[in-house]
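can't give you the sequence, but here's the structure:
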């Protein structure tokens, strides 16, 4: 047998080398010799823009559709916008309806209309149906290409019917059993056909306890159902139980991967589908927005410190120690915040148990507050020979770790209620609070006690 | 048909209510009425420890194995350690070999031996084989329960053979074609059996270009292959091409989900499989470690500021403005760091293109450095009526954003080379550098220029 792993890696490396040395004949030869589209996409995502454009130009138009599917949004949009209608039509020809719709929706409206008008009416209708649902719903994810059977036929007949197909749609693990009005009444697992007697009827062995998805269900819920039920595919139905299409696990895996990446990237104010090798200007522009938001936060903190300028003038040691108070609060708060963001994403955290979490975090904050306050106080006394300073920093630390616990728990819950992504704005809000509270508590206590 | 979605939510809610009101008869009744194990696990993860223990006690021993599979490591380990050998045996009886091995490996060695000794020899051998591979490899993930066929038989014979099974192993999309020495020579997609003539031989229609996994392949690579090839299952082979087992997409989905969560949790110094409702003491202990590491970092920063105590004493305005310099550097650096951590995880970043990224980040850092330096300088001049102060903070900002760009790119690459998780320690290292550089640049320039 030809071992795919052994054969693939060198081929991809040879492509990379040929590209680096600008041996275009060799690049084209390697591309045509059946490199899997996902691997070509991986290489395109891993090289800087100039090499990327050169490689993309060498890809045959028919092969572009499959590769585009695996590229991140940034690059996808860029490449799609460079293609004209005939090339787009050629590139998406081989794709399933859902995959074609997924790409085409990134195009400007007029280009999309142009391409749809050039398609066969049935293909066009299928793609338009998928496009009629929001991208992040079951309807937007589904493939309309399904194999349906009637309940009254026998397996014999089913098998004969299947043999009329050259191949079944990918990831077909179930045949969908529908009435003459296209209402879904059950599914027949393919594997069950194989282990059952040919004379038996579909109705006798079909599953009626089917996990169905409704067209407007959010993709996160779709992913959660696939995960919990270990599904390979699931039918999508309309509100009146008509079969619309099916979703397969490969598309769900993409949803899962993208969602997890989104949270992590959001926490740093980045977009999840960002091109690793985005050009300088695009990178600078996107980063500038986040730096601007952070500057507002830093200015608020700076204003808070400004109220204590006179105290700092008298005791410069305060300026030396104050970052410790704010930094410990920020770290403690971020830990609580991250636990809550994950808990909300997994559906663990709901109104009923937030109070339990607040209490747990406040208790944990007290324990760590007292522990680290004592250590920091000793450090301060040793360094500055000033018992009052030790007492002040200890008190400020305890206050800040308690505030961090409270803010870390409540900020994500409140943001979620307001339909604001807690991963995106939670961190800035939290550290602004822990910085302000840390500095004001420390400098305020110092102003009062000296 | 019974719609699972409509029926499930109320049942789970009824269980939650019954538990809250301590109606134990009702809890047991609902548990036995076929709530999916994943849903019970979800509820267990979403309630505080006391309710969780009460609910767990009501679950039948036979049902515990399926539920345990879906629980996070924290809770899994806790529950497993409370069960005795006979109960463990009962609980894992219905599980596939890979799932049973996955649970049993969390037990102390003596308990594990005890349980294995009570199993049927064939079951024991299968589980021991899975246990012989590290948990995070293909061997540790695989199920040993496969359906194999010989190349010379016809589909007719295959179908008759399959009908002797009551059901096929879950997610069986391929039959594995092996020689008499158990060497894998191809796969026969189930769907192809259905669309082919019964008289044809396996050899004529099998796929020989098979994606195979080797037993010691890391689970991350397994996940990447499944994703790129849109696989439902893949065979696992030994170094000499013997078939050992197969991995199915449901286990890969778990790997993908856990890995993405791990990066996000690591960045806050948390464990990925942490129980959202971990008790106070366990939470405090785990958080204390991270706070301690951060205190070392904060102390280094504080020592750096300490060198400029005299300058601050003269110009307290420096203490008011200095957090702006460090905070902007930290934010810019974290963005670069996150892009690099994701790029490394996705395999986009390699030795060859790091230089391109460093240049891109330095250019982007310069642009944003100059932009925000100008704005902050104006703010400082307006606030303190001091042109020198404006010039100093502008210079410090540009320096710190350039250092942030360099550190954000190089830290993860270097940590990765040293086999240290960049997500875990990258953030602390980075902000320590940007804090120290920010404060030293700002206060140092001030000391020199006043």
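Structure received. Treat the numbers as computed from the prediction; the structure is a model and nothing was measured.

what residues are up against residue A:392?
For residue A:392, the contact set (C-beta atoms under 8 Å, 6 or more residues apart in numbering or on different chains) comprises A:442, A:445-446, A:449. The C-beta positions use only the backbone N, C-alpha and C, and glycine is treated the same way.

for residue A:230, that is, sorry about that
Residue A:230 makes contact with B:170-171, B:250, according to C-beta under 8 Å, 6+ apart.

do the same with residue A:323
B:298, B:301-302, B:305, B:323, B:326, B:435, B:439.

next up, phi/psi of it, please.
Reported as degrees, to the nearest 10, the phi and psi values for residue A:323 are phi -70, psi -20.

ok and the residue in the stretch 101-250 of chain A nearest chain B?
residue A:228 (3.5 Å; C-beta to the nearest C-beta).

which SS state does that residue fall under?
Here residue A:228 is helix, with the state taken from DSSP: H, G, I helix; E, B strand; the rest coil.

could you dump the contacts of residue A:392 into a markdown table and include secondary structure, pLDDT and distance to chain B?
Conversion of the contacts of residue A:392 to a markdown table gives the following (DSSP: H, G, I helix; E, B strand; the rest coil; pLDDT from 0 to 100; distance: C-beta to the nearest C-beta, whole Å):
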| residue | secondary structure | pLDDT | distance to chain B |
| --- | --- | --- | --- |
| A:442 | helix | 97 | 12 |
| A:445 | helix | 97 | 16 |
| A:446 | helix | 96 | 12 |
| A:449 | helix | 91 | 18 |
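
narrow those to those that are buried.
Buried positions within the contacts of residue A:392, assessed by neighbour count (16 or more other C-beta atoms under 10 Å in any protein chain shown), are A:442, A:445-446.

centroid residue for chain A?
residue A:259 (2.0 Å; C-alpha atoms, centre = their mean).

what about that one, distance to residue B:260?
8 Å (C-beta to C-beta, to the nearest Å).

just residue A:105 next, same as before
From residue A:105 to residue B:260 the distance is 25 Å (C-beta to C-beta).

neighbour count winner among those two?
residue B:260 (21 against 14; other C-beta atoms under 10 Å in any protein chain shown).

quick one, what contacts the more buried one?
Neighbouring residues of residue B:260 by C-beta under 8 Å, 6+ apart: A:256-257, A:260-261, A:264.

quick check: which element contains it?
If you go by DSSP states H and E, residue B:260 is part of helix B:249-267.

can you check residue A:185 too?
Per DSSP H and E, residue A:185 falls inside strand A:184-189.

okay, buried residues for the helix or strand following that strand please.
Per DSSP H and E, the first helix or strand lying C-terminal to strand A:184-189 is helix A:190-195. Within helix A:190-195, the residues that count as buried by 16+ other C-beta under 10 Å are A:190-195.

show me what helix A:190-195 is packed against.
Here helix A:190-195 touches helix A:155-163, strand A:174-178, helix B:155-163, helix B:190-195, going by 3 or more C-beta pairs under 8 Å, 6 or more residues apart in numbering or on different chains; DSSP states H and E.

report the mean per-residue pLDDT for the second one.
Across strand A:174-178, the average pLDDT comes to 96.

low-confidence regions, chain A specifically.
Counting by pLDDT under 70, chain A contains low-confidence residues at A:1-9.

and the strands in chain A?
Remark: strands assigned in chain A by DSSP state E are A:148-149, A:174-178, A:184-189, A:213-214, A:233-237, A:243-248.

the last one versus helix A:249-267: what angle between them?
Relative orientation of strand A:243-248 versus helix A:249-267 (axes from the mean of the first three to the mean of the last three C-alpha atoms, to 10 degrees): 70 degrees.

so what angle separates the directions of strand A:243-248 and strand A:174-178?
170 degrees.

pull the residues that contact strand A:243-248.
A:98, A:129-130, A:138-139, A:141-146, A:148, A:170-171, A:176, A:178, A:182-184, A:213, A:215, A:222, A:226, A:232-238.

off-centre distance for that strand?
Distance of strand A:243-248 from the chain centroid (C-alpha atoms, centre = their mean, to the nearest Å) equals 22 Å.

please apply the same query to the fourth one.
From the chain centre to the centre of strand A:213-214 is a distance of 21 Å (C-alpha atoms, centre = their mean).

can you add distance to residue A:402 and give the buried residues of helix A:190-195 back as JSON lines?
Output for the buried residues of helix A:190-195, formatted as JSON lines (distance: C-beta to C-beta, whole Å):
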{"residue": "A:190", "distance to residue A:402": "58"}
{"residue": "A:191", "distance to residue A:402": "57"}
{"residue": "A:192", "distance to residue A:402": "59"}
{"residue": "A:193", "distance to residue A:402": "63"}
{"residue": "A:194", "distance to residue A:402": "63"}
{"residue": "A:195", "distance to residue A:402": "62"}
